[in-house]
Each structure stands twice: as structure tokens, then as C-alpha cells.
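1. How does the following fold in three dimensions:
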Amino acid sequence: MLRRYLLILFLLFGSTAHAETIAWAVADGPPFHLPGSVPKPARPVELGEGVNDLLIAYLAEELPGFHHRLEHLSRPKMWRLMQAGEPICYVDAFKTPERLGFAYFSAVTVGVPQVLVTRAGTPGLEGEQVLKELLQRKDLRGVFEMGRSYGAHLDPMLEAAKVSRQPLPSSAQVLRMLEAGRMDYLVEYPMALQYYVERLSPAPELAFFDLFEERDPPPAYVACTRSAWGKGVIEAVDGAIRRLALRPESRRAFLRWLPADVRQAHGARIERFYRERALQRDVE
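-> As a prediction, the model looks like this:
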């Protein structure tokens, strides 16, 4: 009788006890990560309603055969750990030639163009901006975040121009820094800017400009360490992404914090991405 009981326990819990673990990096501020049910969540179900929070939670639902835990890291440290071969995944990565040397990638959300944000009334700025030309101007100082990729279109320009890179707060405080003249412009996602501006009182006087180089932005990817562990995980993640693309929740994770005008302008492209992603494998 005891042996039968032990066998039942093994069948019920044995596979879970030996399940592969996915460590998800929590590396961004709002609105990508927002406060959840506990001060420092350790499991996906404890995450908040941020863009990346929802993506991690939905992917974990689609991957019940894995054990999922969270690692709270700065973005530079996360990339250093991945480069060192530590087993970790991140749900909001740009794919770059350098990162392909130490990470696998699978597209998870459609790309939305980053925009240029400046103080209102900054001289010589109107209409769509060409970042390559802006970087040559001596009268304007742009500041870019340390350890962050701005995508395959922008990264080579920033490297060639030897732009200033520094740690930046993942909060509305970065717009107060811009307002105070500590820099003249930033490049940021509309959803982050929308979140920040709504939480500032009085609201900063800012101007937003489209970027010529961001007319066809690349998608965001799940990145996992390039190793035997990572190969198996990214293949499983790719399948989960394709299943998730068929669920309305996949849009919710992405659209929740997107400004209405951006959502309307890119609505058809967003729907096409998810429709095609559900059918196509994408692992590199």
C-alpha cells in the first residue's frame, strides 16, 4: 500500500520537481513593469499590469511544463549575465549583431516607433526629424541610456557619433531632467512617455517628433542565453508566442499603455504582425 502511495506521489509531482527553470529578467521601469501583488515579486502571478509583466505572465501560462521565477536586475547587468552564459530570458529585447553572439531571439511584439522628445520651443525643430543629422548639431545635446539598445536602425548612428551614454531613471523624473535643461532631447517609446506625462503635475512643456529612421521599427524579441539550455527554452518560447498570438491577451499586453493616436495609426500593422506570427516560426 505504501509503495503504491509513493508511486502516485511520484507520478503527480515527479515531473514538476525536475521541470526546467526559466529565469525571467525584470529589468525595466514603468509602464513595462508595474507594482504587483507583492513588493518584490518572485513568480509571474505576482507581477503587475505592465507591458512586460503581462507578457511574462501569459508566456508562463503557455509553458506549464517549466518552472518560472523572476530575477530583478538592471538592464546592463542582465546583458552581462547573459553574455557570461548565465541561464536567463528577457521579454523586451532588440536583436543586434553583437547580442546574437550570446543570445537566441524570438519575436514577441510588433515594433512601435520611438519618438524624439524635447522641451517645447527648442529652436530649429519642426516636423519629422532625422536623428543622424541631429547627432551632428553642436547646439543640441541628446542623452541616451547606458546599456540600452535603441534598435538596429539607431544603434550604428549612436556608435558612430560617440553619443553621451549615462544611467537614466526609469521614471517621470527623466522628463523633469529634460525640462530643467540637463539635456536637450531624448529618444523614447510613446507608451513610456504617456505614462510619465500623466503622472507629472504640473505637466512639463514638451514637444514630440517622429523620427525618419523609425518609419519601419523592428519588433521586440524574447532573448534567452545562447547555450544548450537556451536553445531548448527559446524553441519552447517560440511555440508559446505563436499560441499566444491567437489569444486576445497578446494584444492587451501590448496595447494597454499605447497612446490612442499611435494605436490608431499602427492598428493594421499590429494586427498583421500577430496574424502572421501565429503561423511562422521565428528563432535565431
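
2. where do the helices sit along this structure?
-> Taking DSSP state H to define them, one finds helices in the chain at 2-17, 51-62, 75-83, 131-134, 155-161, 173-179, 190-198, 228-244, 248-255, 260-265, 267-277.

3. Give me the angle between the last one and helix 228-244.
-> Here the directions of helix 267-277 and helix 228-244 differ by 120 degrees (axes from the mean of the first three to the mean of the last three C-alpha atoms, to 10 degrees).

4. what does helix 267-277 contact?
-> Helix 267-277 is contacted by residues 107, 109-110, 219, 241-242, 245, 250-251, 254-255, 263 when judged by C-beta atoms under 8 Å, 6 or more residues apart in numbering. For glycine as for every other residue, the C-beta is placed from the backbone atoms N, C-alpha and C.

5. List the buried residues of that helix.
-> Judged by neighbour count using 16 or more other C-beta atoms under 10 Å, the buried positions of helix 267-277 are 270, 273-274, 277.

6. Quick one: these as JSON lines, columns for pLDDT and distance to His153 too.
-> Output for these, formatted as JSON lines (pLDDT from 0 to 100; distance: C-beta to C-beta, whole Å):
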{"residue": "Ile270", "pLDDT": "88", "distance to His153": "19"}
{"residue": "Phe273", "pLDDT": "93", "distance to His153": "17"}
{"residue": "Tyr274", "pLDDT": "93", "distance to His153": "22"}
{"residue": "Arg277", "pLDDT": "95", "distance to His153": "21"}
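
7. Going by distance to Gln129, which of those wins?
-> When the buried residues of helix 267-277 are compared for distance to Gln129 (C-beta to C-beta), Ile270 wins out at 23.7 Å.

8. Which pair of the contacts of helix 267-277 spans the longest distance?
-> Largest separation among the contacts of helix 267-277 by C-beta to C-beta: Arg242 and Arg263, giving 23.2 Å.

9. Any stretches of this protein with poor pLDDT?
-> Residue ranges of the chain with pLDDT under 70: 1-18.

10. on that earlier part again, in PyMOL, how would I select the buried members of the contacts of helix 267-277?
-> Of the contacts of helix 267-277, the buried ones can be selected in PyMOL as follows, counting by 16+ other C-beta under 10 Å:
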select buried, resi 107+109+110+219+241+242+245+250+251+254+255+263
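
11. from the contacts of helix 267-277, which is closest to Tyr58?
-> Nearest member of those to Tyr58, counting by C-beta to C-beta, is Ser250, at 7.0 Å.

12. Enumerate every residue touching the closest residue to the closest one other than its chain neighbours.
-> Distances taken as C-beta to C-beta, 6 or more residues apart in numbering put Leu244 closest to Ser250, at 4.7 Å, once the chain neighbours are dropped. Counting by C-beta under 8 Å, 6+ apart, Leu244 touches 58-59, 62, 250.

13. Let's see that with 10 Å instead.
-> By C-beta atoms under 10 Å, 6 or more residues apart in numbering, Leu244 lies in contact with 55, 58-59, 61-62, 108, 237, 250, 253, 274, 277-278.

14. and if you look at Leu116?
-> Contact partners of Leu116, counting by C-beta under 10 Å, 6+ apart, are 122, 125, 128-131, 134, 142, 185-188, 207-211, 214.

15. got the end-to-end distance for stretch 30-47?
-> Using C-alpha to C-alpha, to the nearest Å, one end of stretch 30-47 lies 12 Å from the other.

16. Go through the helices of the chain and name the closest to Asp92.
-> Short answer: helix 51-62, nearest of the helices of the chain by C-beta to C-beta, at 5.2 Å.

17. how about the contacts of Leu244 in a markdown table, adding distance to Leu168?
-> Formatted as a markdown table, the contacts of Leu244 follow (distance: C-beta to C-beta, whole Å):
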| residue | distance to Leu168 |
| --- | --- |
| Leu55 | 23 |
| Tyr58 | 28 |
| Leu59 | 27 |
| Glu61 | 32 |
| Glu62 | 33 |
| Val108 | 24 |
| Val237 | 29 |
| Ser250 | 29 |
| Ala253 | 24 |
| Tyr274 | 31 |
| Arg277 | 31 |
| Ala278 | 35 |
